[in-house]
Structures are given as C-alpha cells and as structure tokens.
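[1] Return a 3D structure for these sequence lines:
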Amino acid sequence: MAESGWASSRQFGNRTARFERQTEGQHHDHLICIGCGKIVEFENPRIEELQAHIARQKGFQIFEHKLELYGNCPSCLFKEKRMAGKTGKSGEHD
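    Prediction:
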C-alpha cells in the first residue's frame, strides 16, 4: 500500500504500524489515547499557521511534519475516575 502511494505507514508510540490513506493536499494531526490506543484525527488551521509562522521566524523550511498528542480519551478518563472512586482515591494531589 505504501509503495503504491495509496497509503502511508505510521507508527504511533510503541504500537504496531498502521496505514492511512494518502490524500493529496490534506493534512491532519492525531490525538492518541495511551489507555486504549484509540486514535482521533483532527485538523486545525490555527495550529498549521502557528507552525508555519515559527518556521519562518527561525528561517526553517518545512517539507513535512506530524503532530501527535498523547493522553487519555474520555472513555479511559471515565474508567480511571470510576476506579479511583472504588479504591477511595480522589486522584487529586494533596
């Protein structure tokens, strides 16, 4: 798939490679849940503009980039809070 140009191979964190369909001119970034492995794609023009602005300021020419944000999805956060309630831990710092 990758050799034909139809898809690109991506590896998120320590997980196995996944393939994403290549679409000319479309760029998106990723939110990756470290709990369940869920990957959410998103687009944000302000983030793209900010990256381009920073590159210009630094005299840098960008050819490609990726933005991956790692955290917990709403389902995993809910499970974590529910488990903390069962053990009597509030999850807050003292």
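[2] Torsion angles phi and psi at the nearest residue to residue 34 once chain neighbours are set aside?
    Leaving aside its sequence neighbours, residue 34 sits nearest to residue 70 (CB to CB, 6 or more residues apart in numbering; 5.4 Å). To be clear about C-beta, it is placed using only N, CA and C from the backbone, and glycine gets the same treatment. Torsion angles at residue 70 (phi, psi; degrees, to the nearest 10) stand at phi -100, psi 140.
[3] ok, what's across the strand from residue 70?
    residue 32 (DSSP bridges).
[4] What's the separation between it and residue 80?
    15 Å (CB to CB, to the nearest Å).
[5] likewise residue 71?
    According to CB to CB, residue 71 stands 11 Å off from residue 80.
[6] Need the pLDDT of the residue nearest to residue 34.
    Looking at residue 70, its pLDDT stands at 95.
[7] again with the one 4 residues further on
    pLDDT for residue 74: 97.
[8] which residues of the protein score low on pLDDT?
    Applying pLDDT under 70 to the chain flags residues 1-25, 88-94.
[9] ok, now with 90
    1-28, 64-66, 80-94 (pLDDT under 90).
[10] the strands in it, which residues?
    7-10, 18-21, 29-33, 39-42, 68-71 (DSSP state E).
[11] How about residues contacting the third one?
    Residues lying outside strand 29-33 but in contact with it, judged by CB atoms under 8 Å, 6 or more residues apart in numbering, are 12-13, 38-44, 47, 66-73, 76.
[12] CA atoms only for that strand - export them in CSV, please.
    Only the C-alpha atoms of strand 29-33 are listed here, as CSV (Å, rounded to 0.1, in the frame of the first residue of the first chain):
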residue,chain,number,x,y,z
ASP,A,29,-2.9,15.6,13.2
HIS,A,30,-3.6,12.9,15.8
LEU,A,31,-4.8,12.5,19.4
ILE,A,32,-3.6,9.1,20.7
CYS,A,33,-5.1,7.5,23.8
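[13] List the buried residues of that strand.
    29, 30, 31, 32, 33 (16 or more other CB atoms under 10 Å).
[14] As TSV, the residues you listed with distance to residue 85 would be great.
    Formatted as TSV, these follow (distance: CB to CB, whole Å):
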residue	distance to residue 85
29	33
30	30
31	25
32	26
33	21
